[in-house]
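Undergrad: kindly generate the corresponding structure for this input.
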Amino acid sequence: MARRASVIAVTILAAVMWTQVPDSSTRGLGIGPDRAQPSNVACPVPTGREASSTLDVATILPGDASVFASFGGSSVAEESLVIGAGLGASLDLSAAVGSSTVAVVIDLPEGGAGAAIVTESDVVLTAANCTFAVPGETAIVGVSTAADESLDLVLANPYSNDAVVEVRTVSEAGADSASELESVLVPARSVTTIDLAQILPLRNRLSIRILVERGVVHAAAVQSSANERMVVEAVEPARAWIVPLPATGTLPIVTLLPTAGVGVDYSVDSFGDGGSQTDVLVGSVAADEQLIIDMSSIPEGATALRVSTSGPSVVGVVIESETIRAGSPGAARLASAWLVPGSRGDGAVLRVVNPSDGTVDVQVSPLVAGAQAQSASVAAGASVNIPVGGPVPGYLVRADADVHVSWSVADESGFGLSVGWPVLSSGE
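TA: A predicted model of the protein is given here:
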């Protein structure tokens, strides 16, 4: 069985206006903590290929973020990042990890925080959010074991008790799993990596359900080709998703996966240059099947989709070309305030979608004290791309109504895509 356990110790450019943000403005955010939000997240760190990985952490509350690499009784690295309210911090992980895919665990300040990993080398660039542990079902959609693609499922258990999960997969052939995936032990304080390309080869589009039978795990998929790589994190099912459609010259692949063993009815709304259009696609997906959205039916100039389903589901987007491997789940929530850790470097872009019927004003503040903020207006049903960059750990996006925020990083080595962390809705 192809499984190995590792011990770890760790489309519009917005017309923007710059304003100076006083130090005090990032500390008086007026955003309360989400006490229901777990404090622990874990992040896959795909290393090798002389790659360097940077962890970015953002919070609306002051506090310490403890970064652990201390599974299995041996402590290779442990760091504490002291972060002010509305600020962020970065940690270079390159010296703390080895040559294979590993995971680090972060104990975040309580409520209203987020973290992301950006990994880059001369030939690859990946971006992914860290994930909360969900003691139930999570899913990853739209990955592949096609020819010349490798695909690892990474299951991290940083806790003191063993975990057991069942892994169910769906491909273009329907329900499409293997006996090796029926009961997977993830030992305490370890990371288990499953080579899905060996177990389920030549699947053009593969979606993965992770059902936790005992304990809790953090899950992600790492897909690689000869020169490109992407990380797609597992997320909890929901009934509505917004996914970005970045303009890269390659048609995005949007996948819908019903979960909980039941089929769903769905509808698709689009947002973009022509405003919003509702019900551009409607239909149903049976249990144990997945749906690849027919992009030929999506209006030209669409920059985001909202997919609503009658039951629990996961929806995500993947972009594959000779020079790109990038993917992300959508966001299951709109919010008026978003933390966006990870959006660093000269090719970083924030994408803000306004699904409402009126114009929304947005302010984007770097997560460093005394930095300048950008402001932009987003028309009803439209989106804006806000170029950002520089050596900052991320951004705080605030709007006067609920919006959706995603982000990307790009350079000559590749393209990475993810969504922000919603921290406040306008009705809260």
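
Undergrad: can you give me the end-to-end span of stretch 408-416?
TA: With CA to CA, to the nearest Å as the measure, the ends of stretch 408-416 fall 5 Å from one another.

Undergrad: the chain should start at 731 in everything you say after this.
TA: Fine by me, first position is 731 from now on; the one you just mentioned is stretch 1138-1146.

Undergrad: okay, buried residues for it please.
TA: Buried residues in stretch 1138-1146, defined by neighbour count with 16 or more other CB atoms under 10 Å: 1138, 1139, 1140, 1143, 1144, 1145, 1146. C-beta: built from backbone N, CA, C; applies to glycine.

Undergrad: check stretch 918-927 too.
TA: Here stretch 918-927 shows 919, 920, 921, 922, 923, 924, 925, 926, 927 as buried, counting by 16+ other CB under 10 Å.

Undergrad: do stretch 1016-1030 as well
TA: With the criterion 16+ other CB under 10 Å, stretch 1016-1030 contains buried residues 1018, 1019, 1020, 1021, 1023, 1028.

Undergrad: list of residues touching that stretch?
TA: For stretch 1016-1030, the surrounding residues in contact (CB atoms under 8 Å, 6 or more residues apart in numbering) are 871, 900-901, 904-905, 935, 937, 975, 981-988, 991-993, 996, 998, 1000, 1002-1004, 1007, 1010-1011, 1013, 1015, 1035, 1037.

Undergrad: and that stretch, how far out from the chain middle?
TA: Centroid displacement of stretch 1016-1030 relative to its chain, using CA atoms, centre = their mean, to the nearest Å, is 21 Å.

Undergrad: kindly report the same for stretch 781-789.
TA: Taking mean C-alpha positions (CA atoms, centre = their mean), stretch 781-789 and its chain are 13 Å apart.

Undergrad: cool, stretch 880-891 as well?
TA: How far stretch 880-891 lies from its chain's middle: 16 Å, per CA atoms, centre = their mean.

Undergrad: that stretch - what's its average pLDDT?
TA: Averaging pLDDT along stretch 880-891 gives 89.

Undergrad: please apply the same query to stretch 857-865.
TA: For stretch 857-865, mean pLDDT rounds to 86.

Undergrad: any idea how far apart the tips of that stretch sit?
TA: 25 Å.

Undergrad: buried residues in that stretch?
TA: So for stretch 857-865, counting by 16+ other CB under 10 Å, buried means 857, 858, 859, 860, 861, 862, 863, 864.

Undergrad: tell me the buried residues in stretch 1099-1107?
TA: In terms of neighbour count (16+ other CB under 10 Å), stretch 1099-1107 has its buried residues at 1101, 1103, 1104, 1105, 1106.

Undergrad: okay, who's weakest in these by pLDDT?
TA: Across the buried residues of stretch 1099-1107, no position has a lower pLDDT than residue 1101, which has 84.

Undergrad: wait, that one sits on residue 1118?
TA: No. The criterion here is CB atoms under 8 Å, and residue 1101 misses it with residue 1118 at 10.8 Å.

Undergrad: just to revisit the earlier point, restricted to strands, list the contacts of stretch 1016-1030.
TA: Judged by DSSP state E, the subset of those located in strands is 871, 900-901, 904-905, 937, 983-988, 996, 998, 1000, 1002, 1007, 1010-1011, 1013, 1015, 1035, 1037.

Undergrad: the closest residue to residue 1054 other than its chain neighbours bridge partners, please.
TA: Nearest residue to residue 1054, sequence neighbours excluded (CB to CB, 6 or more residues apart in numbering): residue 1145, at 4.7 Å. Note on residue 1145: beta-bridge partners residue 1140, judged by DSSP bridges.

Undergrad: hmm, residue 1084 and residue 1090 touching each other?
TA: Yes. Between residue 1090 and residue 1084 a contact is recorded at 4.6 Å, counting by CB under 8 Å.

Undergrad: shared neighbours of those two, which are they?
TA: Residues within reach of residue 1090 and of residue 1084 at once, by CB under 8 Å, 6+ apart, are 1108, 1129, 1131, 1133.

Undergrad: the residue lying closest to residue 770 once chain neighbours are set aside and residue 1150, how far apart?
TA: Once flanking residues are discounted, residue 770 sits nearest to residue 837: 5.8 Å by CB to CB, 6+ apart. Computed as CB to CB, to the nearest Å, the residue 837 to residue 1150 distance reads 21 Å.

Undergrad: more crowded one of those two?
TA: Using other CB atoms under 10 Å, the more surrounded residue of residue 837 and residue 1150 is residue 1150, with 30 against 17.

Undergrad: per-residue pLDDT, that one?
TA: Per-residue pLDDT puts residue 1150 at 95.

Undergrad: same deal with the one 4 residues further on?
TA: Looking at residue 1154, its pLDDT reads 74.

Undergrad: could you do residue 756 as well?
TA: For residue 756, pLDDT reads 34.

Undergrad: how about residue 751?
TA: Predicted confidence (pLDDT) for residue 751: 31.

Undergrad: tell me where the stretch 831-980 of the chain has helices.
TA: 926-929 (DSSP state H, counting those that start in this stretch).

Undergrad: point out where it drops to low pLDDT.
TA: Residue ranges of the stretch 831-980 of the chain with pLDDT under 70: 831-832, 839-841.

Undergrad: what about the strands in the stretch 781-930 of the chain?
TA: Secondary structure of the stretch 781-930 of the chain by DSSP state E, counting those that start in this stretch: the strands cover 782-789, 793-799, 807-813, 817-822, 832-837, 843-850, 855-859, 861-862, 867-873, 880-887, 893-901, 904-905, 914-916, 920-925.

Undergrad: gap between the second one and the chain center?
TA: Between the centre of strand 793-799 and the centre of its host chain there is 20 Å, according to CA atoms, centre = their mean.

Undergrad: could you say what helices and strands that strand packs with?
TA: strand 782-789, strand 807-813, strand 832-837 (3 or more CB pairs under 8 Å, 6 or more residues apart in numbering; DSSP states H and E).

Undergrad: could you dump those to CSV with distance to residue 953?
TA: Shown next, in CSV, are those (distance: least, CB to CB, whole Å):
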stretch, distance to residue 953
strand 782-789, 17
strand 807-813, 27
strand 832-837, 17
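
Undergrad: residue 913 is nearest to which of those?
TA: Taking CB to CB, strand 832-837 is the member of the helices and strands packed on strand 793-799 nearest to residue 913, at 21.3 Å.

Undergrad: please export the C-alpha coordinates of the closest one as PDB.
TA: Output of strand 832-837 as PDB, limited to C-alpha atoms (Å, rounded to 0.1, in the frame of the first residue of the first chain):
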ATOM      1  CA  VAL A 832       5.500  17.900   5.800                       C
ATOM      2  CA  ALA A 833       3.200  20.000   8.000                       C
ATOM      3  CA  VAL A 834       3.500  22.600  10.600                       C
ATOM      4  CA  VAL A 835       1.000  23.400  13.300                       C
ATOM      5  CA  ILE A 836       0.100  26.900  14.500                       C
ATOM      6  CA  ASP A 837      -1.700  27.800  17.800                       C
END
